[in-house]
Each structure stands twice: as structure tokens, then as C-alpha cells.
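Student: predicted model, plus sequence, below.
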Amino acid sequence: MKEQFIELLKRTNREGIENLINFLEKTDFFEAPASTRFHGDYKGGLVEHSIKVYEIFKEKVKNASIEIDVPEDTIIISALLHDICKANFYKVDYRNAKNELGVWEKVPYYTVDDQIPYGHGEKSVMMITEYIKLTPEEKYAIRWHMGFTEPKEVYSTIGIAYKKYPIALLLFEADLEATYFFDI
């Protein structure tokens, strides 16, 4: 999946994309889980989740109930990089659990080790813009991809963002579908 992910990013021809790819390769992005327990909680889950979000997002844009003209590179960048904030975010720890024989043993699990506590969507936008320029539409889609899982105090702001940039809503939906329909 790493090769597919990188090829899609290269297809955007964005200035700085090679530097962004080099950054990702120096992190645990391609080995990281997508979460600690909710979805894709296994080695490589993050890249698998990101590709599934891309596939769903691309179809959602194509079949949207309103006409949306979105360049392919915006679809690729928004979907594949929406969770870049999870690079170097998880670590493996150990806890005691009984195995199938009822014997206690140390088992690995993922835990959060957030070295850059800057939020989620906003952290992804910040990290991406260190390497490539994002369009306003991409910034809003990535920033608000968590949708109504954000604190209720920002719901009206999210609604305004979704009206202004409908792809932000579609990215949120694609992320939910990848998580709950495909468990990645």
C-alpha cells in the first residue's frame, strides 16, 4: 500500500511533494496504526485507512448531490493526508493479559504519545503546509474532517465551513465510512 500511496501523491505534481514524501518515509506513517482501538488498530492501519478514505472520497465527489468541481490533486491530497498528524503519534506499550490457556503474559498494544499537541485536523494542515501549499478548500476539508466528533462548541463553525466548502463534509463522510463500514 505504501507504493500506491506514494504514487498517488506524486501524481499531484505539487511543488514540494517529494520533500513531503521524504518526511513521511522518515516517520512511522507507513507502519502506524490508524487508531489505538477504534479502527485500523494494527501495523500499517494508517496508510490502509488513508487509501480507503481516498477511494470513498473520490466516489463521493463524483456522485455528489450537488455539482462539485474538484481537481484530482485536491481529492488525493485531502484524503491521503487528512491524518498525517498521526505520524509519530502512537507507540507500542505492554500490558498483562491472560492468553487462551488462562496464563498471564505481556502483550503489546498501541498508546498515544503526542509530541506535538496541536489538535487533530489543524495539526495535519500545519504539518502538510511545511512542505506543500494547500488550497483553501483543502485546508478546510482537512481541518474539519472530524466533523461533529469535534466539541459541540464549534458545531456552528463546522456548519459554516461545510456550506462554504462542501468537500469538507464529503471528506468527513468518507472518513466515517472507512472507519465504520470497513473498520480501517
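Tutor: Perfect, I can see it now.
Student: list the contacts of the residue nearest the centre of the chain.
Tutor: Centroid-nearest residue in the chain: residue 83, 2.5 Å away (criterion: CA atoms, centre = their mean). Listed by CB atoms under 8 Å, 6 or more residues apart in numbering, the contact set of residue 83 reads 34, 46, 49, 50, 124. To be clear about C-beta, it is placed using only N, CA and C from the backbone, and glycine gets the same treatment.
Student: which stretches in this protein count as strands?
Tutor: 90-98, 104-112 (DSSP state E).
Student: dump the ones you listed into JSON lines; add mean neighbour count as well.
Tutor: Formatted as JSON lines, these follow (neighbours: other CB atoms under 10 Å):
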{"stretch": "strand 90-98", "mean neighbour count": "12"}
{"stretch": "strand 104-112", "mean neighbour count": "12"}
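Student: let's have the ones you listed in CSV, adding mean pLDDT.
Tutor: Listed next are the strands of the chain as CSV, based on pLDDT from 0 to 100:
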stretch, mean pLDDT
strand 90-98, 92
strand 104-112, 90
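Student: out of those strands, the one nearest residue 156 is which?
Tutor: strand 104-112 (28.7 Å; CB to CB).
Student: neighbouring strands for that closest one, and are they parallel or not?
Tutor: Strand 104-112 sits in its sheet next to strand 90-98 (antiparallel), going by DSSP bridges.
Student: in space, what's closest to residue 57 - neighbours in sequence excluded?
Tutor: In space, and not counting its chain neighbours, residue 57 is closest to residue 174: 3.9 Å by CB to CB, 6 or more residues apart in numbering.
Student: touching, that neighbour and residue 79? I think so.
Tutor: Yes - taking contacts as CB atoms under 8 Å, residue 174 lies within contact range of residue 79: 6.7 Å.
Student: what touches both of these two?
Tutor: Counting by CB under 8 Å, 6+ apart, the residues touching both residue 174 and residue 79 are 53, 57.
Student: looking at the two, which one has more neighbours?
Tutor: Neighbours per residue, other CB atoms under 10 Å: of residue 174 and residue 79, the larger number sits with residue 79, 30 against 27.
Student: how far away is the more buried one from residue 148?
Tutor: Distance of residue 79 to residue 148, computed by CB to CB, to the nearest Å: 19 Å.
Student: now swap in residue 13 and tell me
Tutor: Residue 13 is 34 Å from residue 148, where distance means CB to CB.
Student: looking at the two, which is more packed in?
Tutor: More crowded of residue 13 and residue 148, by other CB under 10 Å: residue 148, with 13 against 8.
Student: that one and residue 155 touch, don't they?
Tutor: Yes - between residue 148 and residue 155 there is a contact under CB under 8 Å: 6.5 Å.
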